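3D model of this:
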Amino acid sequence: MKTTILSMLVMLVAFSSFAQQLGGSNSTYFEIRKYYANEGKLPDLIKRFENHTMALFEKSGMENIVYFLPVENTDNSLTYILGYPDEKSRDRMWEKFSNDPEWKKAKKESEVNGGLVKSVDQTFMKLAKGLNDTPKTQASGIFQLRTYTCYDGKLENLITRFKEHTQDLFEKQGLKNYPYWMTVEKDGSQPKLVYLLGAKDQASFDAGFAAFVKDPEWLKARDASEASGKIVEKVDAVMFKTLPYSPLK
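Reported below is the predicted structural model:
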C-alpha cells in the first residue's frame with residue numbers, strides 16, 4: 001500500500017512539473033509524429049498546421065506540445081508532439097478529428113494540387129518517472145531530440161544516472177532540460193529514453209555539450225555507473241528549430 005501511494009505521489013509531482021513547463025499540461029500519454037512531405041509540399045503542410053490542424057486538434061481534446069523542423073532537413077520532414085489525457089483517449093480523439101467536417105474541408109482545399117504527406121512515423125510515450133521534477137520556463141532557440149537505446153536490463157541504471165548526475169551537469173554547462181519520456185513499445189521490448197535538450201543557439205549548444213562530455217564530474221559519474229558494464233547501446237540525436245507557432249519554444 002505504501003509503495004502504491006508513493007508511486008502515485010511521484011507521478012503527481014512529475015505531472016505538476018511538466019504542466020509548469022508546458023503552461024498547464026494535463027497530458028499523460030504522448031505521441032511523436034514525423035511527417036514526410038511530398039516534394040514541394042512542405043510549406044503548404046506547415047501552413048495547414050498553423051491555419052487549421054492545430055486548432056482542430058485542440059477542438060478534439062488533444063494538446064499541441066511542440067512543432068519543429070530539423071536543422072538539416074534532408075528528408076523534407078516536419079515533426080511534432082501531441083499530448084493526450086491518457087492512452088485510451090488517443091484513438092477516440094483521432095477519430096473525432098478525422099471525422100470533423102472542418103478538417104475534411106481544410107484537407108480537401110489544401111490538396112487541390114496534390115497530397116501533402118507521403119508517410120508518417122509514430123512514437124508513443126509516457127513521462128519518465130523522476131526526471132521531470134524541475135520546471136523550465138526559459139525559451140530555447142534550438143533543441144536536440146535525443147533517444148537512448150539501452151542494453152537489456154540497463155534502463156533503470158540510465159534513469160538513475162540522469163536523475164543523480166546528468167541533468168544537473170547539463171545545466172552546469174548552460175544546456176536546458178526539457179521533458180523526458182519513456183517510449184511505449186507495443187511489442188513488449190525495453191522502452192527507450194527520449195528527451196529534449198535546449199540552448200539559445202547552435203553555437204551555445206555545441207560549446208555546452210562539448211564541455212559536458214569533458215567534464216571530470218561527468219566522466220567520474222559515467223565510469224562509476226558502468227562499473228558492471230555499459231548502459232547505453234545507441235543514441236540517436238537530431239537538432240531542431242521550433243516553428244513560430246509551436247507552444248514549446
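
where does the protein dip in pLDDT?
Within the chain, the segments meeting pLDDT under 70 span 1-24, 134-137.

now the strands for it?
29-37, 63-70, 77-84, 117-127, 142-150, 176-183, 193-199, 232-242 (DSSP state E).

what's the last one packed up against?
What that stands for is strand 232-242. Here strand 232-242 touches strand 63-70, strand 142-150, going by 3 or more Cβ pairs under 8 Å, 6 or more residues apart in numbering; DSSP states H and E. C-beta here means a position set from N, CA and C on the backbone, and glycine is covered the same way.

hang on, the earlier thing: may I see the strands of the chain arranged in JSON lines, with distance to residue 57 and mean neighbour count as well?
As requested, those are exported to JSON lines (distance: least, Cβ to Cβ, whole Å; neighbours: other Cβ atoms under 10 Å):
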{"stretch": "strand 29-37", "distance to residue 57": "11", "mean neighbour count": "19"}
{"stretch": "strand 63-70", "distance to residue 57": "6", "mean neighbour count": "21"}
{"stretch": "strand 77-84", "distance to residue 57": "7", "mean neighbour count": "22"}
{"stretch": "strand 117-127", "distance to residue 57": "14", "mean neighbour count": "15"}
{"stretch": "strand 142-150", "distance to residue 57": "20", "mean neighbour count": "19"}
{"stretch": "strand 176-183", "distance to residue 57": "18", "mean neighbour count": "22"}
{"stretch": "strand 193-199", "distance to residue 57": "20", "mean neighbour count": "22"}
{"stretch": "strand 232-242", "distance to residue 57": "17", "mean neighbour count": "15"}
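
Quick one: the helices and strands packed on strand 232-242 as CSV, columns for distance to residue 214 too.
Converted to CSV, these look like this (distance: least, Cβ to Cβ, whole Å):
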stretch, distance to residue 214
strand 63-70, 27
strand 142-150, 18
